[in-house]
Structures are given as structure tokens and as C-alpha cells.
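Undergrad: sequence and predicted structure are below.
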Amino acid sequence: MGAKAAAPGDEGEPQGWQTDRSKAPVATKIVVAGGFGVGKTTFVGSVSEITPLRTEAVMTVASEGLDDLVAIPEKATTTVAMDFGRITLDAELVLYLFGTPGQKRFWFMWDDLVRGAIGAVVMADTRRLTECFPALDYFESCGLPYIVAVNHFEGTARYAPEDVREALSLPSYVAVVDIDARRRESVVDALLTLVRQALDAAPA
Amino acid sequence: MTLTHPLPLRVPDRAAVGRRPARVRPYSLTGGRHRFGHVLRVETFVAALDDPGEWPEPVTGGLAALLMPEVRAIIGLCRRLRSVAEVSALLKMPLGVVRVLLGDLADQGRIRVYGIGYGGCRPDRALLERVLSGLSRL
């Protein structure tokens, strides 16, 4: 487990479960959201057993405020890329990590992504903290468990997690963790924090 | 610690609680469910039921009939178990197209769509415990 493939799309050796088509492992997922350049793909790549893969969704862009049910006179399409990775946790359990852009105009993708998800890691960069606001609003609105992971970039001021919590108006049960997305242990710790929080919130 | 700049303050969007985006998309109408009830989430596993070599008759109907090369590529790739997202990424085909094709192929008995392994919309406690112990072993 954990061996990295050589190039994007090159998956390396197949996991045992991939070659037995008589049954499939349970698949579950965690969403990693945040602004552009905050380190989502780095985070995913630090723990993924495959080089992160990129999948794209095509979306139709309508002007703001337009009623979606009426005919859209001017349609434009844009492509939204999502990088994802995979961790085989045991022979019958596979965890996917989906990195998704944080802007509000991508909420349409999240509706689909969050269905069945364990929860979300919202990545924040304290130099551009406002970029994680829409993700927080979204996950609060749908009741998905989430934590905030402050990705610390070298040479930038460090803020106490409590200062970040206050700035983000987070409820006390939402964890705020400092991470280095390049470090596997740091990413695993963040995932453990999220899963524990999801467990606390799950009905008995 | 030096606080060079105060952090910007977020005002939570209380109005957003309980309100879901209203954009209408094919899969939002069906909840990702194809017409014969296949649930095709990004993490859903699929696998081919046939070998393309033993596959003389063309696919009939649906988008799959118009996209035979893509269909063959999907069947070929799915000789290993794959998630919907992996099919999309490895074949460089948009997620929406892959979902429609996989749904058509599942309807026609070419592709098996595996159950997600748990009911309901959220993982239950037992699954969360398994994930927790799996992650702890990494």
C-alpha cells in the first residue's frame, strides 16, 4: 500500500481487489475543498496509492440570478477539473479523496460529490482566507461533517488555530488543524481528525 | 508568533442553511440514479461482464450506440474493477458522458454496477470505525 505510480494515469500494480470481479470492496470518500493553489492536489497526492488522477465535468454557465428553469438564451460551457486519489484501507474497503475547487459556482458539482461522503476537509491559506468561506457555507448548509485544515506555507505568518476559528465563525465541534499537505503523516492526521468528528456526529 | 495582518472575518451564510442550489441537471433530477436504478456515484465500482472480443452484436440504442469506440474503451478498461471517476480520468472523458454510457451499458448487461456497500446517504458508524482503523494503520 502507498506505493506511488510513475506518471499520471500509470496506476502501477493493481490492488488485489481490482482483479476479482466477483465482488467489490466498499467504496467511500472524503471531499477536499478549498481555493485555487491552496494545496488540494498535494494533500491528495501525499496519501494516495495512485498518482492523483484528474476527472473533468462540463458545466453550463448561466448568468447570475437567472432562473434555471427558464430557457437560457446564451449558454457557455466551462470545464471543472477534480483531482482525486485512492487509498486501499483493507481488502474490502477503499477510500477515495476528491479535491474540488472552492468557488460558489462549483456548488453544482458538490451536490453530487457530497452524496455518501464521510465529510470534507476544507483547506485554508491564511493569506487568502476568504477563499474558503464558500466551502464552509456549503458544508454547513448540507450538514456534512467538515474540518478546517490550515496549510502552512513557508515564510508566512502562523496564526493560532483559535484565531482562525474565530475569524471563520466556526462552531466549537469543528476541528481546526495546522497541516503541511506535503507530509503524509500530517495529511493522515487531518483525515483521522475528520473521521473522528464524523463519528461523534453520527447517530448511535 | 507575529500577527502581521488581522484575519478577515467570515459572516456565516445563515440563509444558505437548508437551501440547496436550484440548478437543474440531468443527474440532479435522478439523484445520480440511472433509469434502471443503478447508482453511479463518482466512487461507485463498475466492471465489465463480457470480453469485448466475444462481443459480436453491436450495442443497440442509447448514447452507447453512437459512441462505439468509447464503449469499447470502457469495456476494455473495466476488465479490472474501476470506479466511475477512474473510468472518466483514465479515458479522459467528462464525468457526465461516462455516467450516461455506463448507465446504458449496465442496462444492457455489459457492465456490472456494484452496490456502494451501505444504505442511506451517509456512512454509518460501523463503516466510520473501519475507516478510522484503516487510516490508523497507514
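TA: Sure, I can see it. Numbering: from 1, shown residues only, chains lettered A, B, ... in the order given.
Undergrad: poorly predicted segments of chain B, please.
TA: For chain B, applying pLDDT under 70 flags the ranges B:1-4, B:14-37, B:50-64, B:117-120.
Undergrad: what segments of it are helices?
TA: In chain B, the segments counted as helices under DSSP state H are B:26-30, B:62-66, B:68-77, B:84-90, B:95-107, B:125-136.
Undergrad: if I look at A:G45, how far off is chain B?
TA: 14 Å (CB to the nearest CB, to the nearest Å). Using the backbone N, CA and C atoms, a C-beta is placed for each residue, glycine as well.
Undergrad: chain A is nearest to which of the helices of chain B?
TA: helix B:125-136 (2.8 Å; CB to the nearest CB).
Undergrad: buried ones in that closest one, by neighbour count?
TA: Using 16 or more other CB atoms under 10 Å in any protein chain shown as the test for burial, helix B:125-136 gives B:L127, B:L128, B:R130, B:V131, B:L132, B:G134, B:L135.
Undergrad: which stretches in chain A count as helices?
TA: With helices called from DSSP H, chain A shows them at A:40-47, A:107-114, A:133-142, A:161-167, A:184-201.
Undergrad: hey, least reliable of these by pLDDT?
TA: Mean pLDDT across the helices of chain A is lowest at helix A:107-114; the value there is a mean of 80.
Undergrad: which other helices and strands contact it?
TA: Packing partners of helix A:107-114 (3 or more CB pairs under 8 Å, 6 or more residues apart in numbering or on different chains; DSSP states H and E): strand A:26-34, strand A:53-61, strand A:76-90, strand A:93-101, helix A:133-142, helix B:26-30.
Undergrad: tell me the angle that helix makes with helix B:95-107.
TA: Note on geometry: by axes from the mean of the first three to the mean of the last three CA atoms, to 10 degrees, helix A:107-114 and helix B:95-107 are set 40 degrees apart in direction.
Undergrad: how about helix A:107-114: buried residues?
TA: Residues of helix A:107-114 classed as buried by neighbour count (16+ other CB under 10 Å): A:W107, A:F108, A:M109, A:W110, A:D111, A:D112, A:L113, A:V114.
Undergrad: quick one: that helix to strand A:76-90, angle?
TA: Put simply, helix A:107-114 runs at 20 degrees to strand A:76-90, going by the same axes, to 10 degrees.
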